[in-house]
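Peer 1: have a look at this prediction, sequence included:
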Amino acid sequence: AMSAPKKLLTTERKRTLWEVVFVAPQLILYVGLTIVPLLISIPIVLTNRANFTDLTVDAVGLSNFVNIFQFPLSDIFFSALARTVLLTFLNYVTVFAFGLTLALLLFEGKFGGLFFTIIYLPYMLSGFGVGILLIMLFSRDQGSLNLLFMEMGVLKTPFDIKDPSITAVALPLVLGWRYAGFNMALFLSGLLSIPIETIEASRVDGASYLQRLRYVYLPQIVPSIIIATIFCLIGSFGVFDEAVGLGAFYGNPAAEFFAISVFKMGFGTAIGQQIGTLAEGMTMALVVFVPLTLMAAYLIRLQKRLQY
């Protein structure tokens, strides 16, 4: 008969094998679609490669890093970066306004499981579809909500979704709506990890709901807040489909966020709008990718250190 230590070792090996089986597909996709392209791009940023079919490639050293900080590329780079930073800030506000609020409602038992399902459904929509939805709702001439508000007398002049100020506010709101279920799940997992004894003790001590929120809930869901912050940072700088749906490629410069500008600079030949070279586009992406990666790595370490 197999001894107890050997049986335990066999069980551990089986568990490890199953973990590898479940993780392998996602790991392969991540390596193939993220790590490999990153490694391919590093040599390209040191050349003058115009596109993937360019056969006349010469080494230019760090010239591409200089070019993106000089006119005219600097205008494109800093304008897109400013729009994306503003989007990130407003998107971060919606993470708490929608995600945390809904998680607290579920945690306090105000709604049931069906509510969770309904809130999570928008996350299944495509980003491009969400952008098109905004156009359909707020198109200046035919937008459904514009026409409704005009008919009700709420608006004297219709919203113009291509107006920079409208796009700057509408897109974060829609992103907050789309990802509300995802962020709600993150915060809810943190809330459910709080020991029930701690909550009951605060109630016995006469703490109001706001006091429990400030001194009990929020301090103990800091790891969940950090994870939500990382997703918000990466997601905001990677907004692409929603911006395309909003007309970033056809007449709405206010929707040209960072990912759109990188695409137009490096791969714009696909849509007839290339504004730079492939090497310059990859350089722009690398200049922002490195600080974001370092920030995310720091936040992950902080999250592990604060994990209860």
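Peer 2: Received it, and whenever you're ready, just let me know what you need. Numbers count the residues shown, from 1 in each chain.
Peer 1: drop to CA atoms for contacts and neighbour counts, all remaining ones
Peer 2: Noted.
Peer 1: in the longest helix anywhere in the chain, what counts as buried?
Peer 2: Looking across the chain with DSSP state H, the single longest helix is helix 278-306. For helix 278-306, burial by neighbour count (16 or more other Cα atoms under 10 Å) applies to 278-286, 289, 292, 296, 299-300, 303.
Peer 1: just stretch 42-58 next, same as before
Peer 2: Buried residues in stretch 42-58, counted by 16+ other Cα under 10 Å: 44-51.
Peer 1: what residues does it touch?
Peer 2: The contact list for stretch 42-58, computed with Cα atoms under 8 Å, 6 or more residues apart in numbering, reads 59-64, 266-267, 276-280, 282-283.
Peer 1: let me know the closest of the residues you listed to residue 23.
Peer 2: Of all the contacts of stretch 42-58, residue 282 has the smallest distance to residue 23: 29.2 Å, by Cα to Cα.
Peer 1: so how far is residue 104 from the closest one?
Peer 2: Note on residue 282: its distance to residue 104, by Cα to Cα, to the nearest Å, is 41 Å.
Peer 1: and if you look at residue 139?
Peer 2: Per Cα to Cα, residue 139 is found 35 Å from residue 104.
Peer 1: now residue 291
Peer 2: 33 Å.
Peer 1: one more: residue 230?
Peer 2: Distance from residue 230 to residue 104, by Cα to Cα: 21 Å.
Peer 1: try residue 218
Peer 2: Separation of residue 218 from residue 104 (Cα to Cα): 11 Å.
Peer 1: identify the residue nearest residue 236 in space, chain neighbours excluded?
Peer 2: Excluding the flanking residues, the one nearest residue 236 by Cα to Cα, 6 or more residues apart in numbering is residue 88, at 5.3 Å.
Peer 1: next, give phi and psi for that neighbour.
Peer 2: Reported as degrees, to the nearest 10, the phi and psi values for residue 88 are phi -60, psi -40.
Peer 1: same question for residue 47.
Peer 2: Residue 47 has phi and psi values of phi -120, psi -180 when expressed as degrees, to the nearest 10.
Peer 1: for the one 4 residues further on, same thing?
Peer 2: For residue 51, the backbone dihedrals are phi -160, psi -180 (criterion: degrees, to the nearest 10).
Peer 1: which pLDDT value belongs to it?
Peer 2: We have a pLDDT of 79 for residue 51.
Peer 1: how far does stretch 258-266 sit from its chain's centre?
Peer 2: 17 Å (Cα atoms, centre = their mean, to the nearest Å).
Peer 1: from residue 99, how far out is residue 208?
Peer 2: Separation of residue 208 from residue 99 (Cα to Cα) stands at 22 Å.
Peer 1: more neighbours, these two?
Peer 2: Taking neighbours as other Cα atoms under 10 Å, residue 208 and residue 99 compare with residue 99 leading, 25 against 11.
Peer 1: distance of the residue lying closest to the more buried one once chain neighbours are set aside relative to residue 50?
Peer 2: Spatially, and ignoring its direct neighbours in sequence, residue 99 is nearest to residue 184 (4.2 Å; Cα to Cα, 6+ apart). For residue 184, the distance to residue 50 (Cα to Cα) stands at 43 Å.
Peer 1: where does the chain have low pLDDT?
Peer 2: 1-9, 112-113, 269-274, 307-308 (pLDDT under 70).
Peer 1: got phi/psi on the most centrally placed residue in it?
Peer 2: The centroid of the chain falls nearest to residue 235 when counting by Cα atoms, centre = their mean (1.4 Å). According to degrees, to the nearest 10, the main-chain angles of residue 235 amount to phi -70, psi -40.
Peer 1: now swap in the one 4 residues further on and tell me
Peer 2: For residue 239, the backbone dihedrals (degrees, to the nearest 10) come out as phi -60, psi 120.
Peer 1: repeat for residue 59
Peer 2: Dihedral pair for residue 59: phi -80, psi 130, per degrees, to the nearest 10.
Peer 1: how about it, nearest residue that isn't a chain neighbour?
Peer 2: For residue 59, ignoring the flanking residues on the chain, the nearest one in space by Cα to Cα, 6+ apart is residue 47 at 4.3 Å.
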